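Peer 1: Turn this into a structure:
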Amino acid sequence: MHNEQTIQFKKQREIGDIITDTFKFIRENYKILLSYILKTTGPFFLILVLAVGYYTYSVAGSPFENFSGDIGKFIIAFLVLVVALLLFYSALYGTILHYIKIYINNDGKVSEAQVKAGVKNDFFKLLLLSFLSGILVIAGFIMLVIPGIFLLVPLSLGGAILVFKNYSVSESISYCFTLVKDHWWITFITLFIIAILVYIIGLVFQLPLIIYTVIKTMTAVQEGSMANPELFRDWLFIALQIFSSIIQYLLSIITIIAIAFIYFNLNEHKHLTGTYETIEKLGE
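Peer 2: From the prediction side, this is the model:
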């Protein structure tokens, strides 16, 4: 018997429906989902916090000082942050997407053991996928930006394809372009709107940092100390910077859930999987 309260992922949706159902899913599942995220990504989240702190301290102060002084220190801090982000996002994507996969297969009932098993099984594949997708997008942006945007849209669905279709890394990358074919613009617009919403939500948490930065800058102007490279190296500024960065990373939970809805919407347009399953269930 189908649970009427369970959100149906396998259906066609308009942009507004994708956004509405994304936040509805979060509202109905955030307690359990967050507990699973904490358990599966906890160590990687701690590494990310330390990496953000190290990077923030390394680049704090005058940007000209960083590039004219110890450039090696900056490069190391940047690479540490990139590695930490790849590890964290691979675990985060795995947790959320496997949660949704089990949610769909079990009619809204999710097992923690199944989620952990799924994350363990796909972690390194998601890590490699994230790395390769990042390289492709960066290369695209180097080639006059537009190719980067073109690649970013389909590749953003790679993790969902890997988990939901159980594809390999190469199959996932290849299928990204097949899935988005003829639907690039609508996918781009949906992702853009989600990004704007996440940015606005994140801006609320950045207000303390913004206010502190404005006050500190105005004070420095009055005192004539704007050229002081130690201006933004105090611990309060660094702590606020770390806090706002971590919140922004955590808000990507919204984006990942939205990507799942986008994937199933596109899949439904191409294959009508959910429609066929609904018709089959009518006879049960």
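Peer 1: On the pLDDT front, check His183 for me.
Peer 2: His183 is assigned 93 on the pLDDT scale.
Peer 1: Please read the previous query as pertaining to Asn228.
Peer 2: 55.
Peer 1: same question, Thr213
Peer 2: 82.
Peer 1: From here on, call the first residue 2.
Peer 2: From this message on, residue numbering opens at 2, which makes the last subject Thr214.
Peer 1: tally of neighbours for it?
Peer 2: Counted by other CB atoms under 10 Å, the residues lying close to Thr214 total 15. (Glycine included, C-beta is placed from N, CA and C.)
Peer 1: And it, how close does it get to Phe206?
Peer 2: Taking CB to CB, to the nearest Å as the measure, Thr214 falls 14 Å from Phe206.
Peer 1: next one: Lys32
Peer 2: From Lys32 to Phe206 the distance is 20 Å (CB to CB).
Peer 1: I'd like the next helix or strand past the helix or strand of the chain with the lowest mean pLDDT.
Peer 2: Least confident element among the helices and strands of the chain, by mean pLDDT, DSSP states H and E: helix 64-69 (a mean of 50). Heading C-terminal from helix 64-69, the first helix or strand you meet, by DSSP states H and E, is helix 72-106.
Peer 1: how far does that next one sit from the chain's center?
Peer 2: Relative to the centre of its chain, helix 72-106 is centred 8 Å away, using CA atoms, centre = their mean, to the nearest Å.
Peer 1: by how many degrees do the following helix or strand past that helix and helix 72-106 diverge?
Peer 2: For helix 72-106, the following helix or strand on the C-terminal side (DSSP H and E) is helix 113-143. Angle between the axes of helix 113-143 and helix 72-106 is 130 degrees (criterion: axes from the mean of the first three to the mean of the last three CA atoms, to 10 degrees).
Peer 1: Which residues outside stretch 9-27 are in contact with it?
Peer 2: Stretch 9-27 is touched from outside by 8, 34, 101, 105, 187, 190-191, 194-195, 198, 254-255, 258-259, 261-263, 265-266, 268-270, 274-276, 278, with contacts defined as CB atoms under 8 Å, 6 or more residues apart in numbering.
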